[in-house]
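Participant: Have a look; sequence and predicted model below, questions after that.
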Amino acid sequence: MKQHLLWKLLINIVPIIGVTILVIWLAIDKLAATYFMRLMENYAITPVDSHQMFIESVHRYLIWAALAALVLALLLNYLMTKRVLRPLSQMTSISRELAAGNFTNRVEVVSEDEVGQLGLAFNSMADSLARLELLRKSMVSDLAHELRTPLTNLRGYLEGLSDEVVPPSPQTFKMLENEILRLVHLVDDLQQLTKADSAQAFLRRQKLSLAVLIDQLQALFDQRFAAKKIHLQVHIEPADLSINADLDKLLQALRNLLENAWRYTPAKGQVRIDCCQVDKMVEIAVSNTGDGIDAEDLPYIFERFFRADRSRSRTQGGAGIGLSIVKQLIEAHGGQVGAASHDGLTRIWLRLPL
């Protein structure tokens, strides 16, 4: 780091020391010397020579004392200022490393003042960047994996059809259609995520009845829940609870929550939807029985492309985009999202202002 700030802080103390020396100098000249002359007069001593000797002696010792004080003050201030600015020097160096892709180093925080708080904030930022970089790499790896599998299958079967190794049966074309649909669904998820990022600018709020909204969702998922014999419970308190929100975006967020609940709830399991008012917000929670989510994974389930179980394929566990879309859509409304999981019960909630 350039030493401009360090030298500025050092130079700032020089005028203070200079003014202090000047005040002392004038005080001795105007006050102490006059007092000394009156003493000489009272004791009948000629004051002229004594006065001159006094002034010269005081000035000489004052100069030496001032120089010693200045050197000592500059030395102490230099050491103290350098210690204070050490985190800033580290931040500059580590910032260059962060820009180069090295996310391992952190600032050494040695104080609790403003510079120390800045160091803590910088370390927190570096941790976030490291986590985002890890998620980015995981996202690229996941996307490559999600695309490779259907594309490989399509290529193999198309080559087989072309070489007349695979018969052009309805089952073959159905399989090819399923692989294409997997690619289409992945692209749709990515498009939804992009739209969710800019959702705040396109909100069309209206008063919505949660009872009507939940009825629409039940109609969408009744057959899938029935196929797995999943028991769905709905509890809305009060029954006429309503909310101001964008219908399409709120439905999309709730569909994603129910999609997750359906996917991860075992056969004959239970799913519950609870709607209630919490302070000045409306809370909608979707709970489901199942294996649950590990405590170390819970803070990251709303991150893009994060999957608690990395061994799951897309057909079993999705691409890890659904909950990220939920977070973006709810935060666009000024709301909050959260999750809890324990004792085989996973509860994901969202809160929206009334």
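Facilitator: Great, that's in hand.
Participant: Secondary structure element holding the most centrally placed residue in the chain?
Facilitator: The geometric centre of the chain, computed from its C-alpha atoms, lies nearest to S128 (Cα atoms, centre = their mean), at 5.8 Å. Secondary structure assigned from DSSP states H and E places S128 in helix 114-162.
Participant: Could you list the alpha-carbon positions for the helix or strand that D274 is a member of in CSV?
Facilitator: Using DSSP H and E, D274 sits within strand 270-278. Extracted in CSV, the C-alpha atoms of strand 270-278 (Å, rounded to 0.1, in the frame of the first residue of the first chain):
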residue,chain,number,x,y,z
GLN,A,270,-47.6,-36.3,5.3
VAL,A,271,-47.5,-32.8,4.0
ARG,A,272,-48.9,-29.8,5.8
ILE,A,273,-49.6,-26.2,4.7
ASP,A,274,-50.0,-23.7,7.5
CYS,A,275,-51.0,-20.0,7.0
CYS,A,276,-51.1,-17.5,9.8
GLN,A,277,-50.4,-14.0,10.7
VAL,A,278,-47.1,-13.3,12.5
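Participant: when you give positions from now on, start the count at 48
Facilitator: With the count now opening at 48, the last piece we talked about shows up as strand 317-325.
Participant: how about that strand: buried residues?
Facilitator: 317-322 (16 or more other Cβ atoms under 10 Å). For glycine as for every other residue, the C-beta is placed from the backbone atoms N, C-alpha and C.
Participant: can I get those in TSV with distance to A332?
Facilitator: As requested, the buried residues of strand 317-325 are exported to TSV (distance: Cβ to Cβ, whole Å):
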residue	distance to A332
Q317	14
V318	11
R319	8
I320	7
D321	5
C322	8
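Participant: one step back: relative to F169, how far out is the residue nearest to the centre of the chain?
Facilitator: The spacing between S175 and F169, counted by Cβ to Cβ, to the nearest Å, is 11 Å.
Participant: Please apply the same query to L117.
Facilitator: Taking Cβ to Cβ, one finds L117 at 35 Å from F169.
Participant: out of those two, which sits in the busier spot?
Facilitator: Neighbours of L117 and F169, each counted by other Cβ atoms under 10 Å, are more numerous for F169; the result is 20 against 16.
Participant: tell me the mean pLDDT over stretch 107-119?
Facilitator: On average, the pLDDT along stretch 107-119 is 72.
Participant: Name the residues that touch that stretch?
Facilitator: 61, 64, 68, 71-72, 75 (Cβ atoms under 8 Å, 6 or more residues apart in numbering).
Participant: Equivalent analysis for stretch 373-387, please.
Facilitator: Outside stretch 373-387, the residues that reach it (Cβ under 8 Å, 6+ apart) are 240, 243-244, 246-247, 250, 292-293, 296-297, 299-300, 303-304, 328, 340, 345, 348-349, 370, 393-400.
Participant: where's stretch 161-176 relative to the chain centroid, distance-wise?
Facilitator: Here the centre of stretch 161-176 is set off from its chain's centre by 11 Å, with Cα atoms, centre = their mean, to the nearest Å.
Participant: Can you list the buried residues in it?
Facilitator: Neighbour-count burial for stretch 161-176 flags 162, 166, 169-170, 173 (criterion: 16+ other Cβ under 10 Å).
Participant: same for the helix or strand following the strand holding D321, what does it pack against?
Facilitator: Next helix or strand after strand 317-325 toward the C-terminus (DSSP H and E): strand 328-336. Here strand 328-336 touches helix 294-311, strand 317-325, strand 392-400, going by 3 or more Cβ pairs under 8 Å, 6 or more residues apart in numbering; DSSP states H and E.
Participant: Dump these to JSON lines, plus distance to N225 and mean pLDDT.
Facilitator: JSON lines is the format used below for these (distance: least, Cβ to Cβ, whole Å; pLDDT from 0 to 100):
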{"stretch": "helix 294-311", "distance to N225": "17", "mean pLDDT": "87"}
{"stretch": "strand 317-325", "distance to N225": "26", "mean pLDDT": "92"}
{"stretch": "strand 392-400", "distance to N225": "29", "mean pLDDT": "90"}
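Participant: Could you dump these into JSON lines and include distance to H232?
Facilitator: Shown next, in JSON lines, are the helices and strands packed on strand 328-336 (distance: least, Cβ to Cβ, whole Å):
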{"stretch": "helix 294-311", "distance to H232": "11"}
{"stretch": "strand 317-325", "distance to H232": "22"}
{"stretch": "strand 392-400", "distance to H232": "21"}
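Participant: And these: which comes nearest I261?
Facilitator: strand 317-325 (6.0 Å; Cβ to Cβ).
Participant: From the chain's centroid, how far away is the closest one?
Facilitator: The chain centre lies 28 Å from the centre of strand 317-325; the measure is Cα atoms, centre = their mean.
Participant: From the contact counts, what lies against it?
Facilitator: Packed next to strand 317-325, using 3+ Cβ pairs under 8 Å, 6+ apart, are helix 257-274, strand 278-284, helix 294-311, strand 328-336.
Participant: how about those, which one is nearest R195?
Facilitator: So among the helices and strands packed on strand 317-325, helix 294-311 is nearest, using Cβ to Cβ, at 22.2 Å.
Participant: What is that closest one packed up against?
Facilitator: strand 252-256, helix 257-274, strand 317-325, strand 328-336, helix 369-379, strand 392-400.
Participant: if you compare those, which one is most tucked away?
Facilitator: helix 369-379 (a mean of 22; mean count of other Cβ atoms under 10 Å).
Participant: Tell me how many other residues crowd the nearest residue to S256 once chain neighbours are set aside.
Facilitator: Ranked by Cβ to Cβ, 6 or more residues apart in numbering and with sequence neighbours excluded, the top spatial neighbour of S256 is S289, at 5.1 Å. Around S289 there are 15 other residues, counting by other Cβ under 10 Å.
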